[in-house]
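A.B. asks: Could you look at this predicted model? Sequence included:
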Amino acid sequence: MALQINTHISEGTARIVLNGRFDFNSQRLFRSSYDTPLGDASIHTLEIDLGDVEYLDSSALGMLLLLKERAAAAKKELVLANCRGTVMQVLEVANFNRLFTMK
Amino acid sequence: MPPTSPADHDNGSLKVLVADDTQANLLLISKFISRLGHTVITATNGLEAVDAFVRENPDMVLMDVMMPVMDGLEATAKIKALSKNWVPVIIVSAKSHEQDQAKGLEIGADDYLTKPINFVILEAKINVMRRIAQMQRQLAENAKQLERYRDEAEEEQRIADELMKRLIHAEGLNDKMLQYWVSPARRFSGDLVAATRSRSNDLYVILADATGHGLPAALNLLPITQIFYGMAEKGFSVSHIAEEMNRKISALTPSDRFVAAVIACVNPREKLIEVWNGGNPSPVFVTEDGQVTHQFASRHLPLGILNQQLFNSQTEIHPWDSAGRLVICSDGLLEAENAAGQAFGKARFLQVLEHVTDRQRFISLVAALQEHLGNLAAHDDISLVMVSCPAEKEEISLPETASGRTKTMNAGHWSFTFGISAPELRHVDLIPLLLHNLEAMELGKEHSSHLFLIISELFNNALDHGLLRLDSTLKSQLDGFDRYITLRQERLRALSEGEIEIQLEHFTLEGKRLLRIRVKDSGPGFDYHAVLDRSLDNNTTPAGRGIPLVKSLCIDMRYDGKGNEVVVHYAL
């Protein structure tokens, strides 16, 4: 299934919930999902919820890296939430658990 | 490029061709159109209209029907046939029958206006036609641009494909120890498989998987291949190769681009495999009888993410005992999905490896994967490399006797000395640098691997035993090798003082060209008599094999001082 993204904002945290295949084709959609929260001064944390992601490829890892860089520049916390199954395996093989805060 | 029409001007004024054989009508219409801000060209019959059309390239045509020489319908048909772009033709005729109107439209006219002319309607129609013409032009422009993009993309793809093909089918892969299979996908990542032998005949292999696809991926892999061939051939360590690649990719590529890679060095003389794995599935070692005895897990982030301070180049070294194969694959293999959306998976991968005979191992894995995929194309590139690791240590070819060698040239006398102390010893790969200098002296390619071996053996002895005080008998104990490696890494990191000096001296003695190699360390020395007496034949333990080997390659060898200095002579 193509990626779908829903964003929930509460108490300074933007929870960006991804659903479906997180891959090369999601580039534009993913980028547009975090642009607004990054520019919003009332938001201190971005939480990327990967709980319903079926599949994640190396392009998706690249997108996460880019977001990490943007979030650091905007002085916002970045958290990857609900990583499990295949998604967790891919993140672990790439050793991304050392780069990102996981929840 | 066709000439641009005046309609492209910002003010929106058009060049309108008006054809009518009645001067009064011609004047009336022309004046009206001029007042609207457009330019008018006139023609008094169909033939003139066609000529004017070709000559003036108007944006719109108002065409009377009943005219001498050539009537309006014929002229309209000719104009429509001649025009490359869409140029609206409005027929202005006294014939007001529906059949006449239909006939005009059928022949190719875009609209029909009956006389006497209603100028309000004429103005509205001109405006409509102009809007349509603008849309048409926009569409044509978009289509052209799309076509240009597509051509460019195809050209880029073609170059990328060509590049990748050349990178992958490089000569080094035709190695007797190696089998490989690369199945490129249409989409997603670019994989690279490359192999080469170093001077000391170690087999270096890299399997790299870059983010993205097509040209960007190939561009990411380009610096990697250059570094790989350049450094591996010179015998740089896997750690240094990984560091250099990481540095290059970090510097050259945007932050969302990186390269997952396995860099492996298979040393058939010592029966050792050294691996750096960043972000790639674990290469496995499978014995001849089908047991997976070791897996080199990904311990690092892929190349191109961390800066030099944070990058970790630590490798994993695994000695093999009984014969087997090192199996390296890209994630495309494990993630390859069948029609039901099921991945090939690690379990199936291991199961195939464990349940076929050694000779069938490679072909069976490829076959299993192809069966799994069926007729489907894989999403990702799939790469597989197997390196056979024989039970017997590879013997290096011993040099001919000094007298039997051809004298290449009447070389003179030269020498140079390298001194290196603790801080640099921790991270400088000295031997390749030294060999590089030595090669500049044109000693002949056939000596490179012997000299590499001799110098690195002597240097490593000086470092491991002279300065780091490591006990080589440790290696022969059960699990001793891992402890040896760990201890070595710990002590090297902690090394705060000590130095090693290497002196190379070239001279001619009784018509023979000789190279004297002297290695001296600042350590306390050792009892060298015992070691020197051992010969290559009766020594089967993995430890202490280096010295007899050096001895066999040189015409003589002697220790000096308290055992912290060694001198050999090598015949060129």
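C.D. replies: That came through, no problem.
A.B. asks: Can you verify my assumption that residue B:105 contacts residue B:99?
C.D. replies: No. Residue B:105 is beyond contact range of residue B:99, at 10.9 Å (criterion: Cβ atoms under 8 Å). Backbone N, C-alpha and C define where each C-beta goes, glycine included.
A.B. asks: Could you check which of these two is surrounded by more residues?
C.D. replies: residue B:105 (14 against 8; other Cβ atoms under 10 Å in any protein chain shown).
A.B. asks: Need the residues that contact stretch B:24-32.
C.D. replies: B:18, B:20, B:40, B:42, B:44, B:62, B:64, B:92, B:115, B:117, B:119, B:122-123 (Cβ atoms under 8 Å, 6 or more residues apart in numbering or on different chains).
A.B. asks: residues in chain B within reach of chain A, list them.
C.D. replies: B:187-189, B:209, B:211-213, B:254-258, B:260, B:278-281, B:298-302, B:305, B:331, B:343, B:379-380 (Cβ under 8 Å from any Cβ of the partner chain).
A.B. asks: Could you turn the buried ones of those residues into a ChimeraX selection?
C.D. replies: Per 16 or more other Cβ atoms under 10 Å in any protein chain shown, the buried members of the residues of chain B next to chain A correspond to this ChimeraX selection:
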select /B:188,189,209,211,212,213,256,257,258,260,278,279,280,281,298,299,300,301,302,305,331,343,379,380
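A.B. asks: Out of the residues of chain B next to chain A, list just those in helices.
C.D. replies: If you go by DSSP state H, the residues of chain B next to chain A have residue B:331 in helices.
A.B. asks: residues contacting residue B:252?
C.D. replies: B:220, B:223.
A.B. asks: Can you pull up the most central residue in chain B?
C.D. replies: With distances taken as Cα atoms, centre = their mean, residue B:221 lies nearest the centre of chain B, 2.7 Å away.
A.B. asks: Are we agreed that that one is in a helix?
C.D. replies: Yes. Counting by DSSP: H, G, I helix; E, B strand; the rest coil, residue B:221 is found in a helix.
A.B. asks: What sits closest to it if chain neighbours are left out?
C.D. replies: residue B:192 (4.5 Å; Cβ to Cβ, 6 or more residues apart in numbering or on different chains).
A.B. asks: Please list all residues in contact with the one you found.
C.D. replies: Residue B:192 neighbours (Cβ under 8 Å, 6+ apart): B:164, B:167-168, B:206-210, B:221, B:224-225, B:383.
A.B. asks: pull the CA atoms of the stretch of helix or strand it belongs to into PDB?
C.D. replies: For residue B:192, the element it lies in under DSSP states H and E is strand B:190-197. Output of strand B:190-197 as PDB, limited to C-alpha atoms (Å, rounded to 0.1, in the frame of the first residue of the first chain):
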ATOM      1  CA  GLY B 190      22.500   0.600  -7.300                       C
ATOM      2  CA  ASP B 191      24.700  -2.300  -6.100                       C
ATOM      3  CA  LEU B 192      28.300  -2.600  -6.700                       C
ATOM      4  CA  VAL B 193      30.400  -5.800  -6.500                       C
ATOM      5  CA  ALA B 194      34.100  -5.600  -7.100                       C
ATOM      6  CA  ALA B 195      37.200  -7.600  -6.200                       C
ATOM      7  CA  THR B 196      40.900  -7.300  -6.600                       C
ATOM      8  CA  ARG B 197      44.100  -9.000  -5.300                       C
END
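A.B. asks: neighbouring strands for it, and are they parallel or not?
C.D. replies: Each strand paired with strand B:190-197, and its direction, by DSSP bridges: strand B:203-210 (antiparallel).
A.B. asks: So, low pLDDT: which residues of the stretch 201-350 of chain B?
C.D. replies: Residue ranges of the stretch 201-350 of chain B with pLDDT under 70: B:213-214.
A.B. asks: Strands along that one, start to end?
C.D. replies: B:203-210, B:259-267, B:272-278, B:284-287, B:292-295, B:316-319, B:324-329 (DSSP state E, counting those that start in this stretch).
A.B. asks: thinking again about what came up before, my guess is the residue nearest to the centre of chain B contacts residue B:260. True?
C.D. replies: No. Between residue B:221 and residue B:260 there is no contact under Cβ under 8 Å: 11.5 Å.
A.B. asks: any residues in contact with both of these two?
C.D. replies: Joint contacts of residue B:221 and residue B:260 (Cβ under 8 Å, 6+ apart) are B:208, B:210.
A.B. asks: farthest pair in the contacts of stretch B:24-32?
C.D. replies: B:44 and B:123 (23.6 Å; Cβ to Cβ).
A.B. asks: Who has more neighbours out of those two?
C.D. replies: Counted by other Cβ under 10 Å, residue B:44 and residue B:123 do not tie: residue B:44 has more neighbours, with 18 against 14.
A.B. asks: Quick check: closest non-adjacent residue to that one.
C.D. replies: residue B:21 (5.2 Å).
A.B. asks: Next up, the contacts around that neighbour.
C.D. replies: B:44-45, B:64, B:66-68.
A.B. asks: Which of the contacts of stretch B:24-32 fall in helices?
C.D. replies: B:119, B:122-123.
A.B. asks: now, which of the residues you listed sits nearest chain A?
C.D. replies: Nearest to chain A among the ones in helices among the contacts of stretch B:24-32: residue B:123, at 44.2 Å, using Cβ to the nearest Cβ.
A.B. asks: any idea how far residue B:451 lies from chain A?
C.D. replies: 38 Å (Cβ to the nearest Cβ, to the nearest Å).
A.B. asks: For that residue, give me phi and psi.
C.D. replies: phi -70, psi -40 (degrees, to the nearest 10).
A.B. asks: So it sits against residue B:443, correct?
C.D. replies: Yes. With contact defined as Cβ under 8 Å, residue B:451 counts as touching residue B:443 (7.3 Å).
A.B. asks: Which one's more surrounded, those two?
C.D. replies: More crowded of residue B:451 and residue B:443, by other Cβ under 10 Å: residue B:451, with 23 against 18.
A.B. asks: For that one, give me its contacts.
C.D. replies: B:199, B:435, B:438, B:443, B:515, B:570.
A.B. asks: State the pair within these that is farthest apart.
C.D. replies: It's B:199 and B:515 that sit farthest apart of the contacts of residue B:451, by Cβ to Cβ, at 15.2 Å.
A.B. asks: returning to that earlier point: tell me what angle the strand holding residue B:192 forms with strand B:324-329.
C.D. replies: Calculated by axes from the mean of the first three to the mean of the last three Cα atoms, to 10 degrees, strand B:190-197 forms an angle of 150 degrees with strand B:324-329.
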